[in-house]
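Asks: any chance you could fold what I've pasted below:
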Amino acid sequence: MSLARRWSKKPTPLGKPEDMLTWTLLYGREKRSQMKERKAPPESTGSTSETWNKVPWKKLEQHCYRIQKRIYRASQRGNQRAVHKLQKLLMKSEAARMLAGRRVTQENQGKKTAGVDGVKSVKPKERLLMAQQVHPKHWKHSKTKPVRRVWVPKPGKEEKRP
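Replies: Coordinates of the predicted model:
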């Protein structure tokens, strides 16, 4: 018998099925079942609108705020390297990207105003896709479009303003 086995606090099961059952009842496997409860639930097979509506927005806001506070404190210390790393972390965080999509498509006052692409409202499935597309790894694949300038006529005058 090895020293590790002799000095261990928990006896090991003897190998018989009934001994195994007794051992699990006494010493339990509750820790494994508790770990399953702690883990994030698997993605629901329901509709994406349900998925979008069930996102814990308060937690995402707290997460972003925590990173922003860390950026501020690093800048106050004068630690530019930490500032850049934390800014990169914030840009890549899914929480920040989903909150940005939510602000633009739901909370913003101009949410029903069409953009350059002509889309007025965005469905929940498209919001999730948009949050994924905002990730910096997708920036290299798309070329930025030039700013569109529209000349609007001034009221009561012939001249126009940008």
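Asks: okay, buried residues for whichever strand or helix holds residue 98 please.
Replies: In this structure, residue 98 is located in helix 94-102 according to DSSP states H and E. Within helix 94-102, the residues that count as buried by 16 or more other C-beta atoms under 10 Å are 95, 96, 97, 98, 99, 101, 102. Bear in mind the C-beta positions are built from the backbone N, C-alpha and C, glycine included.
Asks: present those as TSV; the columns should include distance to residue 129 and pLDDT.
Replies: Compiled in TSV, those are given as follows (distance: C-beta to C-beta, whole Å; pLDDT from 0 to 100):
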residue	distance to residue 129	pLDDT
95	17	93
96	16	94
97	11	93
98	11	92
99	16	94
101	9	89
102	14	92
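Asks: which of the residues you listed sits closest to residue 145?
Replies: Here the nearest of those to residue 145, counting by C-beta to C-beta, is residue 101; it sits at 19.2 Å.
Asks: distance of the closest residue to the closest one other than its chain neighbours from residue 151?
Replies: Distance criterion C-beta to C-beta, 6 or more residues apart in numbering; nearest residue to residue 101, sequence neighbours excluded, is residue 131 at 4.6 Å. Plainly put, residue 131 is 34 Å away from residue 151 if you go by C-beta to C-beta, to the nearest Å.
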